[in-house]
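Asks: predicted model, plus sequence, below.
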Amino acid sequence: MLSEYDIRMEIDEALKNKKWVLTGPNKNVHAEKSLERKRPDYVLMDKNNNKPLIIIEAKRPGKDLISALNQAKKYALKIGAPIAYATDGSIIKTLHIDTNKPLFLNGDEVEEFITEQIAFKYLNTNEVYTISQKIIKSRQELINVFSLANKELRKEGLQAGIERFSEFCTILFLKLYSEQEIIRENNNDKLRIDPEYRWDFFKTFSGTELIAYVNNVVIKEHFQKIYGEDIFQPLKIKNPKVLKNIINNLDELSLSDINSDIKGDAFEYFLKAYLANQHKDLGEYFTPRHIVKTLVKLINPKFGEAIYDPFCGTGGMLIESFKHIFNRMPRNEETLDFLKKNTIYGREITTNARITKMNMILTGDGHNNIQRIDSLANPIDNKYDIVITNMPFSLGNFDEYSGLYSLGSANGNFLCIEHCLRSIKPGGRMAIIIPDGILFDKKYKKIREYIYKNSYVENIVSLPQGSFKPYTEVKTSILFLKNIKQKLNQDYVWYFTVKNDGFTLNTKRKKIVTGNNDLDIFLAYNNSYEENNLMHLGFNKLIMDELKKNDFISIPNQYIEFSYNTSTNIIECKNIIEEVKEKNIEKQVKIVWSVTKNGFIKSSDNFKEQVPSEDISHYKLVPPNCFAYNPARINIGSIAINLDNDIKCVSPMYIVFKVNEKIINPRYFYWLLQSNNVKEQILHYCFGTVRQTLNYKDFCKIKIPLTDIKLQNEIVSKLDFYLESINNLKKIISSQKIYLPIKNDWSVKLIGELCNTQYGYTAKTENNSLMSKDNIRYIRTTDIINIFELDNNDIRYIGDEKLNKISEYKVNFEDILVTRSGSVGTSFYVSKKYEGMVFASYLVRLILNKNLILPKFLIYFTKTDYYWTQVELLKDVLTQPNLNAEKMKMIKIPCPSLEIQKELIYKWDEEFNLLNKFKKDINFFWEKINEILTEIW
């Protein structure tokens, strides 16, 4: 942890770099300026009228950043400064006093100090844009320009993926490098390239002259001589028209920001946009920049330190480290030269290494130490101060490398971590993203022990599932290690769980604008000494003695003890349950069942296609009164008890167990599983790298209250009575029929004469709660509760679909949806609260001619026997019932005048409203059930 003096030194240098004056007659920075017996750490003044602009508070050791920011706010209010800052030297938090919101610059939260010139722009707002709309639009257009170039390059015979991508990157680099030279020229900075090698010079050429000039003059005479042939190679394009088209398309764009201290943003923007859509082509994925910044802030690289990423990809970790140091270091010719040549080191096994070097050159250099090399085949010892990396996951085994490393394992995860630790000097630091399996899987015990013996594990930060979408579903964590190879005693490890990282967890990963995210909370409070507050904020303290006893498993769900203030005897499930492993060897059970939150249902009803294999002899049997649960879905309630007299057959992945009926009623145990206390424990014990699962061993740890069998039976009797009452009321509601008093003067029409039909949309969906406001709900057949209501228990959202693809599938007010598969004929009326949602492909939309029939009349008609008789006659039954749109159009409907339709609708509305009483009764019975379950504990 930095001392207060160190923090102040870093603040001083950072302010100097932003042209604030700390000494002399023109100084506009006052340190510890007296203010009613209290002294703000820094007051930054408007040098023209001597008014305060910014208050800065340096965080004291052991305090949190939010307290420091609140203190800065108090000072700012007293002296009328519009902006408050708090920093610990690495992390910066800001506040705009009038709006009480953080500062935003060009759409991103401010994380560095700003110049006096920029500070003036925040006098009346917390959001400032210095990048012109032209640049913003140009950057957004980049990926479209690449799409056009991709088609052109395909005609040239260049292979999809890295070959076309590299060709385009070379051309884009020439454009961006030349734009930077124009900015340098305007700033009177030293130029790096003569005009005859720049974009504006050669873009006017055409034909073979263009290709010859770019390859032989621009690339060979200039860029190869300065930066090397390994980065810049002649273009593979042979057709000059193709190159001319790409140049013309790029030439229309303005990509470089004149106000940015560090360049290369446009190149980074393109890499992110490309990899989000084409990552499979390159075998690469783009580490989200807010996660990269978190690692850099944690490790806080300093000027003079050597930083190494052995799996650097396109260079994001190294570039962010470069920027971090650049903003805080003393700047002169000597220090800048050191930064460029002796600070950043990276390795990348693929040809993407040359893209990394281009990225570094555009950022400010440091490219010389980027190598195209297999890091695992070339271990390094004691060379670097810092390792910062996102290690590759699931590499498999490398038998040829195991002899190079002390652990002797060929497993890629072992090799990656040992390589990183070996490369660091004694006393160094490491921030690494790892797959979660390393923290708990028994096969990684040896590498966990190696980590703890060779470093001080400062933090484990659990990232949410979906952090690396769309690239991978693997659950990951950040591991922050200090004092490497110094064998310091360690008593505990701080573990922090991130649930909201500030972005939606679907494939689009859109920024969530409102509220604090957990990464901000972690960074703001991480170095606080106030343990109780840390625990309250979501930090967990893992005790080293306990870790050592449990194979160094480093996740809190292995160690948290659940305790309950009750006089009832609390026991662990292991004392009353026993796993059942009987297989369907003789194939005596033919039907395969699935376990859902609603109990057992036939797999054929649960899935559209056959899921069980033809040979089900290895499937598990569930005898009467036994339980089965889906390990990957128990966290949403997928556990069931077999209350039938027959044996059921379930997937071999399920866990099957029985209870000791001498001491516990199976129904009592089932009801306990529905209690909030047990659900909380289930969620806690679930873990996994791709899916959160609950194995049998951890299920056995769940604690339950065990009372005597007589009292259990009484409790079960009450609960079952309430549940039966609920089910009976539901049956009344679902079986409610509408009486249709058909008259002779009513015309009978086919539904096809009254409406147009449309099938729904097939989509990838997400069910994560962290959705941005523009995510769209997806209506499935299983969502329909009744003709007016959708189920909100398992809402699904459109994940990564573009708006223009789904707009025609958005439902409108008074559309009618009808299921065409499974529970065919079930209907739903779209009220205003459901407008704009997208309906699924197993639904058919009826768009009615309201001059002939009113939507509510039709929806009530679907509750009549007249309607259901026709559905039964028209539906097809193959593997499951089906009623396509053409068959729906054949359903006959008696149609009175619109006036009579309105009268009937009024009458039916009143009847339907009576059902609300039943719904209230259902809610009452659920409340009684929850009361009893709470009382048990």
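Replies: Sure, I can see it.
Asks: in the stretch 551-700 of the chain, which spans are strands?
Replies: 569-572, 577-579, 592-596, 599-602, 620-622, 627-629, 639-641, 648-650, 655-659 (DSSP state E, counting those that start in this stretch).
Asks: tell me which of the ones you listed lies nearest to Ile451.
Replies: strand 569-572 (30.3 Å; Cβ to Cβ). Where you see a C-beta, it was placed from the backbone N, CA and C, and this is true even at glycine.
Asks: centroid-wise, who is the farthest residue in this structure?
Replies: Residue farthest from the centre of the chain, counting by Cα atoms, centre = their mean, is Asn744 at 61.0 Å.
Asks: tell me the confidence at that one?
Replies: The predicted structure scores Asn744 at 89 on the pLDDT scale.
Asks: could you point out the longest helix in this protein?
Replies: helix 898-936 (DSSP state H).
Asks: list the buried residues for that one?
Replies: For helix 898-936, the neighbour count (16 or more other Cβ atoms under 10 Å) marks 901, 904-905, 908, 912, 918, 922, 925, 928-929, 932-933, 936 as buried.
Asks: and these, which is closest to Lys703?
Replies: Nearest to Lys703 among the buried residues of helix 898-936: Ile936, at 12.3 Å, using Cβ to Cβ.
Asks: I'd say that closest one and Leu672 touch.
Replies: Yes - assessed by Cβ atoms under 8 Å, Ile936 is found in contact with Leu672 at 7.1 Å.
Asks: and the nearest residue to Asp381 once chain neighbours are set aside, how many neighbours?
Replies: What sits nearest to Asp381 in space, not counting adjacent residues and going by Cβ to Cβ, 6 or more residues apart in numbering, is Arg422, at 5.4 Å. Here the count is done by other Cβ atoms under 10 Å, and Arg422 has 19 residues near it.
Asks: and the residue nearest to Glu109 when sequence neighbours are not counted, what are its phi and psi?
Replies: Excluding the flanking residues, the one nearest Glu109 by Cβ to Cβ, 6+ apart is Pro102, at 5.2 Å. Main-chain dihedrals, Pro102, degrees, to the nearest 10: phi -60, psi 160.
Asks: Pro102 contacts Ala86, doesn't it?
Replies: No - using Cβ under 8 Å, Pro102 is not in contact with Ala86, being 11.1 Å away.
Asks: who touches both of the two?
Replies: Lys93 (Cβ atoms under 8 Å, 6 or more residues apart in numbering).
Asks: residue ranges for the strands of the stretch 51-200 of the chain, please.
Replies: Using DSSP E, counting those that start in this stretch, strands in the stretch 51-200 of the chain cover 51-58, 83-87, 92-96, 104-105, 108-109, 127-128.
Asks: do you know how far Tyr492 is from Tyr685?
Replies: Remark: distance between Tyr492 and Tyr685 (Cβ to Cβ, to the nearest Å) = 21 Å.
Asks: please say which of these two ends up with more neighbours.
Replies: The neighbour comparison of Tyr492 against Tyr685 (other Cβ under 10 Å) goes to Tyr685, with 24 against 14.
Asks: on that earlier part again, and the longest helix of the chain, what does it pack against?
Replies: helix 666-673, helix 676-685, helix 709-734, helix 855-861 (3 or more Cβ pairs under 8 Å, 6 or more residues apart in numbering; DSSP states H and E).
Asks: let's see 10 Å
Replies: helix 666-673, helix 676-685, strand 703-706, helix 709-734, strand 784-786, helix 855-861 (3 or more Cβ pairs under 10 Å, 6 or more residues apart in numbering; DSSP states H and E).
Asks: which of these has the lowest mean pLDDT?
Replies: When the helices and strands packed on helix 898-936 are ranked by mean pLDDT, strand 784-786 comes last with a mean of 87.
Asks: so what touches that strand?
Replies: 730, 733-734, 736, 790-793, 817-819, 823, 826-829, 843, 863, 912, 915, 919 (Cβ atoms under 10 Å, 6 or more residues apart in numbering).
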